[in-house]
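A.B. asks: Next come a sequence and a model predicted from it.
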Amino acid sequence: MNSGRLNDNLNFYGRDSEFADFKQLIDRKQGTLVTCQGRRRIGKSTFITQCGELTTYFYNLVGAPPRNGITREDQLATFAKELNREFGAPDTPMESWHKAFQLLATALPKDGTVVVLLDEISWMSIGDPDFAGALKTAWDLEFSLRPGLVLVLCGSVSSWIEENILNSTGFVGRVSWQFHLKPLPLHLCNEFWVDREKSRAKETPVRDKLRVLAVAGGVPRYLKEIKANLSSEQNIQRLCFNKGGLLYREFDQIFSEIFMKRADTYKKVVRALVDGPRTAVEIGGALGRESGGTLSKALSDLEGAGFIEEDRSFNPSTAKDLARTAQYRLSDNYLRFYLKYVEPKKDRIEKGLYDRVPIESLEAWDAIMGLQFENLIHNSRGELLVLLGLGKTAVLNVGPYFQRATQRKKACQVDLLIRTASALYIVEVKARLHVRMEAVEEVKEKVKRLKLPRELPVRTVLVYSGGLDPAVPRSDFFDHIVNFEELLFFNGRWAKRRRRK
């Protein structure tokens, strides 16, 4: 029987709330169907494996990766091998998915609690338009009747799960829970350094950690590749600017595996977002195509895959989203770094001519670093709210804000706008070697340009990385000043952090 606790040997950090949710699904009188979605390498399979330790039995069946010419028969043959590996079932050809799922149901142990993970389920479905129908039949007639069974449908192609399971009339009312794993917040990213720092009795400089996170984001698989005895530049060089490095070859691989024939089209979309957010119309203009139809599908799929996010401005007075304000942001730090700095230099990297490149010498590094830092702060919104004393306050809306210029008002962009019932928080995010008084003047101008309700108190916030000019806190302009380190080493004890005014 499994131990029912997380396996510490796997360097598994976070997901506590998701783990607690999964515990509630076990020991039901009937089988339970759940989905697990998220970016490739975000740790979906590892998370479900950890959850499997709560049960008597855990089985993991994986589809065959897509390749040219792969067929339904190939996927069925792979499934037969998976049944043989996990259950000792005969490795014999199966003529249909109806038969394959029936064999799986028959192979399940009769007693105890069970987790069955159907991993990369969209791969399994290749070549068979009725795959989801066969799964639905097997669920109704077999799996749902097995007490203590949790059947997990997992995949990086969120659009397939959305279209064929979550939005399918055939599965209405059958999915009990949906897990959507996001990148780790900063304090959990830091855990990937902590154990290694203890063994070396030496701390990694905070600036080094920020540089690595600017490239890897909160993706666990990438963070596992960090070597604590190397500097940030050495780690980035080894992973990104070496033709044998994981992050050198990762981009083409994940796009091919997730989007298959659409990979080249979807690559063009993310390339259009490298230098900052754009509307669908602006993206379409950059690509020379209409903003609807296939582009809308591409944007939806890329968002579902965890690579981009749709941000909408909201009315500061009502906290309601504003129509026709959607902008798409490249929320994945690795993709932006690869497309900006690795892909254009591949010829030189292949020849070994791009060694030992100082990070700060990369073209437009300060601007790109600012965008990467903003993504990291977005991933730690919950912790930031606690630092602002809003951990137990109802937040009506939160997100980037962008105000377009009209005859009556000037353009304005706020990195993060937080609306509570009693106040509006204007958050400025800065990643600079030195943060100077210009930050105060910039936010003053934004407050002036924003069309704000007079009766609503405005709080100003600076979230920064780097050296801070003492004149900034002395100005007493910002209500809250949050250092990157407070988020990196966050442990919940900052909840009563003082305001500056």
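C.D. replies: That came in fine, so what should we check first? Numbers count the residues shown, from 1 in each chain.
A.B. asks: what's the one helix or strand residue 117 maps to packed up against?
C.D. replies: Assigned by DSSP states H and E, residue 117 belongs to strand 114-119. If contacts are counted by 3 or more C-beta pairs under 8 Å, 6 or more residues apart in numbering; DSSP states H and E, strand 114-119 sits against helix 44-52, strand 57-62, strand 149-155. C-beta: built from backbone N, CA, C; applies to glycine.
A.B. asks: Which one of the ones you listed lies nearest to residue 130?
C.D. replies: strand 149-155 (16.2 Å; C-beta to C-beta).
A.B. asks: Just send the helices and strands packed on strand 114-119 back as a markdown table, with mean neighbour count, mean pLDDT and distance to residue 483 too.
C.D. replies: Converted to a markdown table, these look like this (neighbours: other C-beta atoms under 10 Å; pLDDT from 0 to 100; distance: least, C-beta to C-beta, whole Å):
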| stretch | mean neighbour count | mean pLDDT | distance to residue 483 |
| --- | --- | --- | --- |
| helix 44-52 | 21 | 96 | 31 |
| strand 57-62 | 19 | 97 | 42 |
| strand 149-155 | 26 | 96 | 37 |
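A.B. asks: got JSON lines for the ones you listed, with distance to residue 380 too?
C.D. replies: Formatted as JSON lines, the helices and strands packed on strand 114-119 follow (distance: least, C-beta to C-beta, whole Å):
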{"stretch": "helix 44-52", "distance to residue 380": "19"}
{"stretch": "strand 57-62", "distance to residue 380": "31"}
{"stretch": "strand 149-155", "distance to residue 380": "25"}
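A.B. asks: So for residue 198, which of the ones you listed sits nearest?
C.D. replies: helix 44-52 (22.3 Å).
A.B. asks: hang on, the earlier thing: residue 136: which of the helices and strands packed on strand 114-119 is closest?
C.D. replies: strand 149-155 (11.3 Å).
A.B. asks: And the contacts of the closest one?
C.D. replies: Defining contact as C-beta atoms under 8 Å, 6 or more residues apart in numbering, one finds that strand 149-155 is touched by 22, 25-26, 31-37, 44-45, 48, 51, 55, 108, 113-123, 139, 143, 161, 165.
A.B. asks: which residues pair with the nearest residue to residue 109 once chain neighbours are set aside across the strands?
C.D. replies: Nearest in space to residue 109, with sequence neighbours left out and distances taken as C-beta to C-beta, 6 or more residues apart in numbering, is residue 57 at 5.6 Å. Beta-bridge partners recorded for residue 57 (DSSP bridges): residue 114.
A.B. asks: One more: the one 4 residues further on?
C.D. replies: With DSSP bridges as the criterion, the beta-bridge partners of residue 61 are residue 118.
A.B. asks: Who are the contact partners of it?
C.D. replies: Here residue 61 is in contact with 79, 82-83, 86, 104, 116-119 (criterion: C-beta under 8 Å, 6+ apart).
A.B. asks: isn't residue 196 right up against residue 228?
C.D. replies: Yes - taking contacts as C-beta atoms under 8 Å, residue 196 lies within contact range of residue 228: 3.6 Å.
A.B. asks: Among these two, which residue is more densely surrounded?
C.D. replies: Between residue 196 and residue 228, counted using other C-beta atoms under 10 Å, the more crowded position is residue 228 (18 against 15).
A.B. asks: Confirm that the more buried one sits in a helix.
C.D. replies: No - Residue 228 is assigned coil when assessed by DSSP: H, G, I helix; E, B strand; the rest coil, not a helix.
A.B. asks: of all the helices and strands packed on strand 114-119, which lies closest to residue 288?
C.D. replies: strand 149-155 (31.6 Å).
A.B. asks: Residue 321: neighbour count?
C.D. replies: So residue 321, with other C-beta under 10 Å, has 13 neighbours.
A.B. asks: An error on my part: the question was meant for residue 268.
C.D. replies: 14.
A.B. asks: and it, what does it touch?
C.D. replies: residue 287.
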